[in-house]
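Student: Pasting the sequence and the predicted coordinates here, then a few questions.
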Amino acid sequence: MNDLNEAYAREQLTACCRRLYERHLTVSAGGNMSVRLNPDEFLITPSGMNKGLVRPGDLIKMNLGGEVLGAGKPSIEHRFHLGLYKANPDTGAVVHCHPLYCLALTVRGEHIRSCLTPEGVLLLGEVPTVRYETPGSLELVDAVLEQSAAPAMLMAQHGALTQGRTLDEAYNRMEELEFQAHLQLLAGKAPELPPAEIAKLRKMVK
Ligand SMILES: [Zn+2]
């Protein structure tokens, strides 16, 4: 993976925060997003700031040792971002937020069925639900890292998380995940694609 220019990465991550906020994928200060700069460093959103108001200079630089490089207080959830970067050298960005329809599914105790349409299969794969743990806790970090290979996951009674090789890929997965959750709530018990078609689509992403 190529290193990312820091000024460019700050602009990209700020734009991603604004898009997530404007698309109602997160509200108020909820959620946290990060982008990897190089094998050992990443930028992450600051603690407690409304995602519609984040500016490039507000983003916090950290290394994979958990040190803040420069000023500012990173999101309380920086440890699962850091853990995902460590577990997956190809992961270039992590997006965690609290989208309404994903949350509606988890509070109803339902898992997401991501095989209702081809896009769900292609972009999301199998989507696990991470058990509930207190936000900011080491237990939540452990729960997320048990599913570290998943490109997209729901977090019980909390929200959703996606990762990708680029920020666009992680963002697109979050938008698709929320679309699939909304579709599932509208579609009720509609059947998924036939197993043979799901297998055919899965071969296309390998
Ligand atoms: Zn959260």
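Tutor: Sure thing, it's come through. Residues are numbered from 1 along each chain as shown.
Student: doesn't V94 fall inside a helix?
Tutor: No - according to DSSP: H, G, I helix; E, B strand; the rest coil, the state of V94 is strand, so it is not within a helix.
Student: Now that it has come up, it's in contact with Q163, right?
Tutor: Yes - between V94 and Q163 there is a contact at 4.9 Å, judged by CB atoms under 8 Å. C-beta: built from backbone N, CA, C; applies to glycine.
Student: shared neighbours of those two, which are they?
Tutor: Counting by CB atoms under 8 Å, 6 or more residues apart in numbering, the residues touching both V94 and Q163 are L84, A170.
Student: which strands and helices sit next to the helix ranked longest in the chain?
Tutor: Longest helix in the chain by number of residues (criterion: DSSP state H): helix 167-187. Under the contact criterion of 3 or more CB pairs under 8 Å, 6 or more residues apart in numbering; DSSP states H and E, helix 167-187 touches helix 6-22, strand 32-38, strand 93-97, helix 100-107, helix 118-124, strand 152-155, strand 159-164.
Student: Name the strands paired with the next helix or strand after the second one and say parallel or antiparallel.
Tutor: Following strand 32-38 in sequence order, the next helix or strand is strand 41-44 (DSSP states H and E). Based on DSSP bridges, the strands next to strand 41-44 in the sheet, each with its direction, are strand 32-38 (antiparallel), strand 60-63 (antiparallel).
Student: Now do strand 41-44: distance to the chain's middle.
Tutor: Strand 41-44 has its C-alpha centroid displaced from the chain centroid by 15 Å (CA atoms, centre = their mean, to the nearest Å).
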